[in-house]
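Chemist: predicted structure and sequence below. I'll ask about it afterward.
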Amino acid sequence: MKITLNATENKVSLKSLFVDFTLITKARLAISVVFSSAAGYLLGFSEEHPFSWVTFILLTIGGYCMVGASNVFNQIIEKDLDALMDRTKNRPIPSGKVSVKSAFFLGCALTIAGIAILYSINPKTAMFGAISIFLYTSIYTPLKRITPLSVFVGAFPGAIPFMLGWVAATNDFGIEAGTLFLVQFFWQFPHFWAIGWFLYDDYKKAGFFMLPTKKRDKKTALQTILYTVWLILASLIPATGFTGRLHLSLPFAVLVLLLGLWMLVYAVKLYKKMDAPAARKLMLVSVSYISLLQVIYVIDKFIG
């Protein structure tokens with residue numbers, strides 16, 4: 001009976017550790033970021049740079065480590081603020097399930113492992129991964145309580161994953177990787193402003209400034225529309241023929257345009273309705289948008 005009880009406790013303990021790990025590394029966010037990197041890799045490989053399962057797997061593992069590390073350090077820095085907000089108060093650190101010391105050790109371990117794994121692919125990939133962690137934890141996170149420009153700063157590390165896959169495949173940062181970066185860079189703004197809008201009251205408890213005017217007003221909604229337009233234009237650049245090996249055929253360019261217009265419709269709805277439900281819908285559409293866009297790019301490469 002005693003042995004059975006210990007075995008049960010061990011199972012519960014392992015399950016609890018796994019749950020805490022997924023929460024503290026923000027597994028859903030990390031997986032979406034890894035998806036972006038994987039899409040970039042599929043776009044980048046060629047006869048000159050052939051596909052490698054080893055590299056692909058290393059990219060996904062290393063990418064998860066880097067994103068996970070950023071999220072761990074972010075939660076350490078914001079532990080007291082997370083305790084003030086309803087959506088974050090039950091996270092492992094503010095709830096007391098994980099100590100700051102343990103979290104810091106995990107963050108360091110993930111950082112070292114992530115950089116080492118990405119370096120084994122090529123030094124440029126590791127460099128961009130390290131830059132991403134630095135910008136997210138050392139600049140974006142502290143600025144969130146100081147200025148709305150934090151979203152602009154955060155857009156840089158947020159835009160790195162898509163182009164990181166291309167760099168991992170080619171060991172080169174050129175017009176192609178720059179274009180992938182630009183697309184995901186512009187996407188950050190309507191996405192995070194939508195989040196900042198429908199979670200406005202919760203963010204306010206911690207003193208976070210996420211919206212460009214610090215208010216849920218027409219100017220913020222208008223900027224959301226404008227950046228969605230910039231996103232649509234950036235996503236169509238590969239169709240111009242000026243982005244090296246990254247190209248988009250006309251039929252798939254039409255799909256990309258329609259996808260962008262779909263997101264624009266919800267940005268306009270936010271401008272008209274000016275409420276949290278409209279912002280939440282825009283956020284959900286933006287999440288679907290970026291994944292579908294990346295899938296379209298990849299499919300076009302193989303059959304376009």
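Modeler: Cool, got the structure.
Chemist: ok, Cys108 - contacts?
Modeler: Contact partners of Cys108, counting by CB atoms under 8 Å, 6 or more residues apart in numbering, are Ala69. C-beta here means a position set from N, CA and C on the backbone, and glycine is covered the same way.
Chemist: recalculate using a threshold of 10 Å.
Modeler: By CB atoms under 10 Å, 6 or more residues apart in numbering, Cys108 lies in contact with 69, 72-73.
Chemist: next: Ile31.
Modeler: Applying CB under 10 Å, 6+ apart to Ile31 gives the contacts 22, 25, 60, 63-64, 67.
Chemist: ok, now with 8 Å
Modeler: Tyr64.
Chemist: residues touching the helix or strand Lys124 falls within, excluding its own?
Modeler: Element membership for Lys124 (DSSP states H and E) is helix 123-134. With CB under 8 Å, 6+ apart as the test, helix 123-134 has contacts from 59, 62-63, 66, 69-70, 73, 111, 114-116, 118-119, 157, 160-161, 163-164, 167-168, 171-173.
Chemist: how about a cut-off of 6 Å?
Modeler: 66, 69-70, 115, 118-119, 157, 160, 164, 167-168 (CB atoms under 6 Å, 6 or more residues apart in numbering).
Chemist: how about that helix, which residues are buried there?
Modeler: Of all the residues in helix 123-134, those buried under the rule 16 or more other CB atoms under 10 Å are 124-126, 128-130, 132-133.
Chemist: ok, stretch 256-270 next?
Modeler: By neighbour count on 16+ other CB under 10 Å, the buried set for stretch 256-270 is 256, 259-260, 263-264, 266-270.
Chemist: how far does it sit from the chain's center?
Modeler: Distance of stretch 256-270 from the chain centroid (CA atoms, centre = their mean, to the nearest Å) equals 20 Å.
Chemist: give me the mean pLDDT for it.
Modeler: Mean pLDDT, taken over the full extent of stretch 256-270, equals 98.
Chemist: now it - C-alpha only, CSV.
Modeler: Below are the C-alpha coordinates for stretch 256-270, written out as CSV (Å, rounded to 0.1, in the frame of the first residue of the first chain):
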residue,chain,number,x,y,z
VAL,A,256,-2.9,36.6,-49.2
LEU,A,257,-4.8,39.8,-50.1
LEU,A,258,-8.2,38.2,-49.2
LEU,A,259,-6.7,37.0,-45.9
GLY,A,260,-5.5,40.5,-45.1
LEU,A,261,-8.8,42.1,-46.0
TRP,A,262,-10.5,39.6,-43.7
MET,A,263,-8.4,40.9,-40.8
LEU,A,264,-8.9,44.5,-42.0
VAL,A,265,-12.7,44.0,-41.7
TYR,A,266,-12.3,43.2,-38.0
ALA,A,267,-10.0,46.1,-37.5
VAL,A,268,-12.7,48.4,-39.0
LYS,A,269,-15.3,46.7,-36.8
LEU,A,270,-13.3,47.7,-33.8
